[in-house]
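In: Structure here, sequence nowhere to be found:
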């Protein structure tokens, strides 16, 4: 399980400290998990699965697939939650803020550009 925990953390592009903060544990606890020096309680396993959309069967036993399937709306919601956690000066957050201010005419112009880019591939 130690390797799978590290995979989840790396997939999420988090440091051990950031991963620990998301789980409500200390960084050295995550390090111990990843080195196999400490077992995980059921509550930590459930937290990892919930927080990172991981299937418990994969985390415990390596049974694929790794992640639970999510709807498009769930994916968008997850992305927006991640953006909200960014500092105000982060580009993604500034971009979402700019999009929020567009009127219908602006959205139509962006749609035309996007359609053209996608067609030209």
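Out: The structure has been received and is ready for your questions. As the structure is a prediction and not an experimental result, all values here were calculated from the model.
In: in what helix or strand does the residue of the chain positioned farthest from its centre lie?
Out: Largest separation from the mean C-alpha position in the chain: residue 105, at 32.3 Å (Cα atoms, centre = their mean). Element membership of residue 105 [criterion: DSSP states H and E] is helix 104-120.
In: So what does the nearest residue to residue 6 once chain neighbours are set aside look like in phi/psi?
Out: In space, residue 6 comes closest to residue 34 once its chain neighbours are excluded; the distance is 4.7 Å by Cβ to Cβ, 6 or more residues apart in numbering. Using the backbone N, CA and C atoms, a C-beta is placed for each residue, glycine as well. Backbone torsions for residue 34, taken as degrees, to the nearest 10, come to phi -70, psi -20.
In: mind listing what residue 34 touches?
Out: 2, 5-6, 9, 16 (Cβ atoms under 8 Å, 6 or more residues apart in numbering).
In: same thing with residue 87?
Out: Residues in contact with residue 87 (Cβ under 8 Å, 6+ apart) are residue 93.
In: So for it, what pLDDT did the model give?
Out: At residue 87, the predicted lDDT confidence score is 96.
In: what about it, which SS state?
Out: Following DSSP: H, G, I helix; E, B strand; the rest coil, we place residue 87 in the coil state.
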